[in-house]
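*Asks:* generate coordinates for the sequence data below:
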Amino acid sequence: MKEKILNILMNNMHQYISGEALAEECGVSRAAVWKHINGLKKEGYRIETLNKKGYKLINNNEKLLPAEIQSGINTHKIATGIIHFDTVDSTNSYAKSIAEGQQTGTVIISEEQVGGRGRMGRQWSSPRGEGIFMSIILKPKISPLEGSKLTQIAAAAVCQAIRKVTGLEAKIKWPNDIVIEGKKVCGILTEMSAELNEVHYLVVGIGVNVNNTDLPDEIKDKATSLKVQLGKDINRRDVVCAIINLFEPLYDDFVQDGTLEKTIEICRKESAVLGKSIIILQKDMEVKAKAIEITNEGLLKVQYEDGREDMIISGEVSIRGEKGYV
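*Replies:* Numbering: from 1, shown residues only. Got it, this is the predicted structure:
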């Protein structure tokens, strides 16, 4: 019933709807309407109440609320279900804890993370209300060996979304980071539960620095935010909706048609590493190479200083530029 009341208010955004009209349309008492309105307010929805006029829903730019996100997306599988938190340890950790019982495409999103994680166990700074911290639960019928390709699909979607919403020249640092002017603005962490020939679920975690201005000292020379780059606040919901809308068709191409063509085209066009000298970090070793190509399968072809060529598999290594992060 609460969801029905919310939908009516959303369909009449910025207009007052009387309690009597809501009660009649929902088939409940005015007291029940009042109770559900208070419940929505506690969840973070901004609803004005005016005597003799009723209730009016106001746009909320402060929180990433499920119904407001869903009103801005046109997907059929991704984000049909959204679980929202004010604070959570890690959206990826929570997503993994509930993944078995959730439908594919379920999104976990939080205003804050207190235990956000990046690749190789690194911490991800996740201040309240400034960034995007979300994870998508997916259950594709693919080989576990192909699971890492979801990272590049997400990277292509996020890169395009940032460009679309802000106009900033975002680039993809293969395979899992988005950078602007050489500084990291987004990290992607894909985790998988699988057996030898079967994927139980994949969790694609996406963290974007949106309106962050006070970046930790230890990452200031390596990281940035959309606000720092653009010089003004960005509506986080616009970025979330753009990511979801752009992710679904690339994901469908992969799981339904078995192709990464569109994803790889974006990753090549917006690459931050192709043609550049890089350092490959693998275990305790650093090896210099040149990034030559991203193959049709999403592998990175590199050439070492001795002329040897190699294919690097996503997830095996971390990459940085010779003079720092690219």
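*Asks:* tell me where the stretch 101-250 of the chain has helices.
*Replies:* Counting by DSSP state H, counting those that start in this stretch, residue ranges of the helices within the stretch 101-250 of the chain are 149-166, 226-230, 236-257.
*Asks:* and of the ones you listed, who's closest to K42?
*Replies:* Closest to K42 of the helices of the stretch 101-250 of the chain is helix 236-257 (CB to CB; 19.8 Å). C-beta here means a position set from N, CA and C on the backbone, and glycine is covered the same way.
*Asks:* that closest one relative to helix 149-166, how many degrees between them?
*Replies:* Comparing the axes of helix 236-257 and helix 149-166 via axes from the mean of the first three to the mean of the last three CA atoms, to 10 degrees yields an angle of 140 degrees.
*Asks:* for the helix or strand where H36 lies, give the mean pLDDT please.
*Replies:* Per DSSP states H and E: H36 is located in helix 30-42. For helix 30-42, mean pLDDT is 88.
*Asks:* what sits against the spatially most central residue of the chain?
*Replies:* Centroid check for the chain by CA atoms, centre = their mean gives I206 as the closest residue, at 3.7 Å. Each residue near I206 by CB atoms under 8 Å, 6 or more residues apart in numbering is listed here: 132-136, 154, 158, 186-188, 243.
*Asks:* I figured K290 was touching D306, is that so?
*Replies:* No: applying CB atoms under 8 Å, one finds K290 not in contact with D306, separated by 11.8 Å.
*Asks:* which one's more surrounded, these two?
*Replies:* Using other CB atoms under 10 Å, the more surrounded residue of K290 and D306 is K290, with 16 against 6.
*Asks:* let me know the pLDDT of the spatially most distant residue from the centre of the chain.
*Replies:* Ranking residues of the chain by C-alpha distance from their mean position (CA atoms, centre = their mean) puts K52 at the top, at 42.0 Å. In this model, K52 is scored at 82, pLDDT.
*Asks:* one more: the one 4 residues further on?
*Replies:* The predicted local distance difference test score for K56 is 86.
*Asks:* just checking, it is part of a helix?
*Replies:* No: counting by DSSP: H, G, I helix; E, B strand; the rest coil, one finds K56 to be strand, located in no helix.
*Asks:* so what's it bridging to?
*Replies:* E48 (DSSP bridges).
*Asks:* that one and G19, how far apart?
*Replies:* Distance check for K56 against G19: by CB to CB, to the nearest Å, it reads 12 Å.
*Asks:* before we move on, what about A291?
*Replies:* 62 Å.
*Asks:* wait, K149 touches D253, no?
*Replies:* No: at 11.1 Å, K149 does not count as touching D253 under the criterion of CB under 8 Å.
*Asks:* which of those two has more neighbours?
*Replies:* Taking neighbours as other CB under 10 Å, K149 and D253 compare with K149 leading, 23 against 16.
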